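K.L.:
no sequence on this one, just coordinates:
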């Protein structure tokens, strides 16, 4: 990924490790068209004359307008807000400088209506540091570096996390201990009347924490329990304790037993069909945290607050590090319900001896839809987060997704629902078309819908469409990663011919005229899918 940074001061050291080119100070005359992402990083001027600063800030806003008008809208434009780190206040009642910063940031936020504009609030980076830590005047006066170079490692880590948030990468699941984690006290020793989760300190802390978890759950984060306790005692708490904010139904998976917690967490991951790297484990016991760290290195295990009154800062950091995202999709908001429904599907599967009978019992409905303004964010999110059933694991943002369609490619998503509920948009295919040849750039499905043959129906639909369009050849690629081994023979199994095999990549080809594609009557095809297939 190549970046081009517009700046008014020396900020090069803060982007160490990135492939980046910088403008001159305050210079917008050159625009590197080879850049993948543009960044606007203008800092507030440090000058003794406030009137001059106000005029310069207004000028920065004008420059920003001119730059945006010249940037291709299929490329990300990341804009940092401005933060006032140093001012000299001569007249207490004069708010001109403060108002200029507010107006400038309002202009930035107004630009966010454009899909390719992404705003990063720089104030969030500065918040943990005191005023004396923010500027080193020696470096500013010698080298025009507006932020203390000692903060470079912090900024680099923070900026990388902001980039993850922009493409909506976050952890999926939080696995929680119970005693002295979800409530104050030890259930097995203190009894149901002895544990505290409301009222005075420290019970009010755990009430605060449970309400935070409730909000995470509402935002699509899966809640799970991993606790060494008697299950009957915990069920009694859920049923009878008046201060329990989180009900049993809010937890998608529970392991309440006396087994090794690392093994329990592995079982939770398998039950939910998510990767261990999607999990954050919260436990007050240092020994339990250390065991999980040692045995499950992919699981994130943050340090637990030493004192209960430290919880508010703990959960804020927890959110910043693992759960904050730039935006939410409908699929994010319904994720907890979807995982519960998936558990019901798995339980029903055990009642059938024949897979076709099981699939028919689900009454699966498929809807294939084109890229539009409503699903674009979700399409991009799937490329960023899907690993197991992902043939190439190429990551794209929404402007890059749009560019495929703008160039005449096919960008189709798959919605899946059945009698248990709606899985939402859980599949994506991107096809680049060049004369009589189609190239499958991306083909992926969420792990939640695997095991039902849906991937074959989805691809067959696309093949029929390509055939109807008069295309003769289809080319496809499997690129090996650490997590997509299960699809290594996917194209082989549907009669694509390997034409080039390397250690981590296989290229395939299919002559469309040589193969007939069928669609099983097990599934119901709706809307776009039906209207397209009537012409096949």
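P.N.:
Noted; the coordinates are in hand. Note that the structure is a prediction, hence the values are computed from the model and not measured.

K.L.:
gap between the closest residue to residue 148 other than its chain neighbours and residue 196?
P.N.:
With C-beta to C-beta, 6 or more residues apart in numbering as the criterion, residue 148 has its nearest non-adjacent residue at 4.4 Å, and that residue is residue 136. Placement of C-beta: from N, CA and C, glycine included. As for residue 136, its distance to residue 196 is 47 Å (criterion: C-beta to C-beta, to the nearest Å).

K.L.:
Equivalent analysis for residue 374, please.
P.N.:
For residue 374 relative to residue 196 (C-beta to C-beta), the value is 46 Å.

K.L.:
Between those two, point out the one with more neighbours.
P.N.:
Here residue 374 and residue 196 are compared on neighbour count by other C-beta atoms under 10 Å; more neighbours surround residue 196, at 19 against 11.

K.L.:
burial measure for the spatially closest residue to the more buried one that is not a sequence neighbour, as a count.
P.N.:
Once flanking residues are discounted, residue 196 sits nearest to residue 203: 3.3 Å by C-beta to C-beta, 6+ apart. Neighbour count of residue 203, defined by other C-beta under 10 Å: 18.

K.L.:
Ok, residue 252 next?
P.N.:
The burial metric for residue 252, expressed as a neighbour count using other C-beta under 10 Å, is 23.

K.L.:
Ok, residue 385 next?
P.N.:
For residue 385, which is what you asked about, the neighbour count (other C-beta under 10 Å) is 18.

K.L.:
Pull out the buried residues from the helix or strand residue 428 falls within.
P.N.:
Under the criterion DSSP states H and E, the helix or strand holding residue 428 is strand 421-434. Counting neighbours by 16 or more other C-beta atoms under 10 Å, one finds that the buried residues in strand 421-434 are 422-433.

K.L.:
can you list the weak-confidence ranges in the stretch 1-150 of the chain?
P.N.:
Applying pLDDT under 70 to the stretch 1-150 of the chain flags no residue at all.

K.L.:
could you pull out the strands for it?
P.N.:
Listed in chain order, the strands found in the stretch 1-150 of the chain under DSSP state E, counting those that start in this stretch are 2-7, 19-25, 37-41, 76-80, 117-120.

K.L.:
Packing partners of the third one?
P.N.:
Where contact means 3 or more C-beta pairs under 8 Å, 6 or more residues apart in numbering; DSSP states H and E, strand 37-41 is packed against strand 2-7, helix 50-70, strand 76-80.

K.L.:
same thing with the last one?
P.N.:
For strand 117-120, the contact count by 3+ C-beta pairs under 8 Å, 6+ apart identifies strand 76-80, helix 96-111, helix 152-166 as packing neighbours.

K.L.:
could I get the ones you listed as JSON lines with mean neighbour count and distance to residue 273?
P.N.:
Rendered in JSON lines, the data for the helices and strands packed on strand 117-120 read as follows (neighbours: other C-beta atoms under 10 Å; distance: least, C-beta to C-beta, whole Å):
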{"stretch": "strand 76-80", "mean neighbour count": "23", "distance to residue 273": "31"}
{"stretch": "helix 96-111", "mean neighbour count": "16", "distance to residue 273": "38"}
{"stretch": "helix 152-166", "mean neighbour count": "16", "distance to residue 273": "22"}
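
K.L.:
Residue 512: which of the ones you listed is closest?
P.N.:
Ranking those by distance to residue 512, with C-beta to C-beta as the measure, places strand 76-80 first at 35.4 Å.

K.L.:
Direction included, what does the closest one pair up with?
P.N.:
Applying DSSP bridges to the sheet, strand 76-80 is found paired with strand 37-41 (parallel), strand 117-120 (parallel).

K.L.:
Out of the ones you listed, which one sits most buried?
P.N.:
Per residue and on average, the most neighbours among the strands paired with strand 76-80 fall to strand 37-41, with a mean of 23 (mean count of other C-beta atoms under 10 Å).

K.L.:
From residue 335, how far out is residue 280?
P.N.:
Counting by C-beta to C-beta, the gap from residue 280 to residue 335 is 15 Å.

K.L.:
go on, residue 308?
P.N.:
Computed as C-beta to C-beta, the residue 308 to residue 335 distance reads 30 Å.

K.L.:
domains in the protein, as residue ranges please.
P.N.:
Using automatic domain parsing, the domain parsing of the chain gives 2-166, 173-323, 363-533.

K.L.:
Tabulate the ones you listed (TSV), appending distance to residue 343.
P.N.:
Listed next are the domains of the chain as TSV, based on distance: least, C-beta to C-beta, whole Å:
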stretch	distance to residue 343
domain 2-166	29
domain 173-323	7
domain 363-533	9
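
K.L.:
Can you say which of those domains is nearest to residue 342?
P.N.:
For these, the distance to residue 342 is smallest for domain 363-533, at 5.5 Å, taking C-beta to C-beta.

K.L.:
re earlier: and the domains of the chain: which comes nearest residue 354?
P.N.:
Using C-beta to C-beta as the criterion, the shortest distance between residue 354 and the domains of the chain is 11.6 Å, found for domain 363-533.

K.L.:
Using the three-state scheme, assign the residue nearest to the spatial centre of the chain.
P.N.:
Residue closest to the mean C-alpha point of the chain, counted by C-alpha atoms, centre = their mean, is residue 169 at 2.1 Å. Under DSSP: H, G, I helix; E, B strand; the rest coil, the three-state class of residue 169 is coil.

K.L.:
Look at the residue nearest to it when sequence neighbours are not counted and say how many residues are nearby.
P.N.:
Taking C-beta to C-beta, 6+ apart as the measure, residue 169 lies nearest to residue 384, with 5.3 Å between them; neighbours along the chain are not counted. Using other C-beta under 10 Å, residue 384 is surrounded by 17 other residues.

K.L.:
just checking, residue 181 is part of a strand?
P.N.:
No. Using three-state DSSP, the assignment for residue 181 is coil, not a strand.

K.L.:
ok, the closest residue to residue 64 other than its chain neighbours to residue 7 distance?
P.N.:
Here the nearest residue to residue 64 in space, its sequence neighbours aside, is residue 40; by C-beta to C-beta, 6+ apart that works out to 6.1 Å. The gap separating residue 40 from residue 7 is 8 Å, by C-beta to C-beta.

K.L.:
tell me which residues form a beta bridge with the closest residue to residue 410 other than its chain neighbours?
P.N.:
Sequence neighbours aside, residue 431 is the residue nearest to residue 410 in space, at 4.2 Å (criterion: C-beta to C-beta, 6+ apart). With DSSP bridges applied, residue 431 shows beta-bridge pairing to residue 410, residue 440.

K.L.:
re the thing from before, would a markdown table of the strands paired with strand 76-80 with distance to residue 348 be doable?
P.N.:
Shown next, in a markdown table, are the strands paired with strand 76-80 (distance: least, C-beta to C-beta, whole Å):
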| stretch | distance to residue 348 |
| --- | --- |
| strand 37-41 | 46 |
| strand 117-120 | 42 |
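
K.L.:
dump the residue contacts of the residue nearest to the centre of the chain.
P.N.:
325, 384-385 (C-beta atoms under 8 Å, 6 or more residues apart in numbering).

K.L.:
ok so, going back, helices and strands around the strand holding residue 428, which ones?
P.N.:
Counting contacts by 3+ C-beta pairs under 8 Å, 6+ apart, strand 421-434 is packed against helix 330-333, helix 335-349, helix 376-385, helix 398-406, strand 410-418, strand 437-445, helix 454-468.

K.L.:
Pull the residues that contact the first one.
P.N.:
Spelled out, that is helix 330-333. With C-beta under 8 Å, 6+ apart as the contact definition, helix 330-333 has outside contacts at 168, 218-220, 325, 338, 378, 381, 424-426.
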